[in-house]
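>>> here is the input, now give the coordinates:
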Amino acid sequence: MIHPSATIDPSARIGHGCNIWHNVHIREHALIGNNCTIGKDAYIDHHVVVGDNCRIQNQTSIYFDTSIEEGVFIGPHVCFINDTHPRSIKLNGSRITEEDWKPGAIYVKKGASIGAGCVILTGKTIGRWAMVGAGSLLTKDVGDYELVFGNPARKIGYVCPCGHRLIKNKNDYFACSQCGFELHMET
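So this is what the prediction gives:
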């Protein structure tokens, strides 16, 4: 389902089973996997890659040089920032051009979740099944299964693929009380 108000460049590739809602803008050469949902007013920049089974909520902005693997959840109002040195003009007053611009890549790995209102700075990687708490400013990489929160975001523990917090047990494993998942992590 693609809402009639969505703007999708003809060179963008949209997978099967996607739901693309009101006023979404998907730019040239973006690649959206199968069974994705992209919420109202989301912006997907040129050459962005989104894997299968992702959910991108309302008013999220994903800029060029961002790669999102399968099964990622991105809450509403998340902004992926790709500009390493944001300026509109040079010292001499002339406008910055695309040749002057040096974007940085962002990678979001399989199953990760990013809460509402987060800002993800350029050059960061969010690991597999990691979770970034709502309202966080991400200034550092996030490891697999890490739970981070705050401004700037700091690691506060580990999270299960089912979404619940992992608790350290006496065997130096982290275990989920909800589904029984266990993880051995160096702490």
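
>>> where along this structure do the helices fall?
For the chain, no helices are identified by DSSP state H.

>>> biggest strand in it, by residue count?
Longest strand in the chain, counting residues (DSSP state E): strand 153-159.

>>> what lines up beside that one in the sheet?
Sheet pairing for strand 153-159, assigned by DSSP bridges, gives strand 146-150 (antiparallel), strand 165-168 (antiparallel).

>>> mind putting the ones you listed in JSON lines, distance to Glu98 included?
Where C-beta positions appear, they are placed from N, C-alpha and C, glycine not excepted. Formatted as JSON lines, the strands paired with strand 153-159 follow (distance: least, Cβ to Cβ, whole Å):
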{"stretch": "strand 146-150", "distance to Glu98": "33"}
{"stretch": "strand 165-168", "distance to Glu98": "43"}
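
>>> which ones are touching Asp45?
By Cβ atoms under 8 Å, 6 or more residues apart in numbering, the contact set of Asp45 is 27, 30, 61-64, 66, 82.

>>> Val119: which of these is nearest?
Nearest to Val119 among the contacts of Asp45 is Ser61, at 10.0 Å by Cβ to Cβ.

>>> hang on, that closest one packs against Asp41?
No: using Cβ atoms under 8 Å, Ser61 is not in contact with Asp41, being 9.4 Å away.

>>> what's the burial count for the spatially closest residue to Ile8 that is not a sequence neighbour?
Leaving aside its chain neighbours, Ile8 sits nearest to Ile26 (4.6 Å; criterion: Cβ to Cβ, 6 or more residues apart in numbering). Ile26: 27 surrounding residues under other Cβ atoms under 10 Å.
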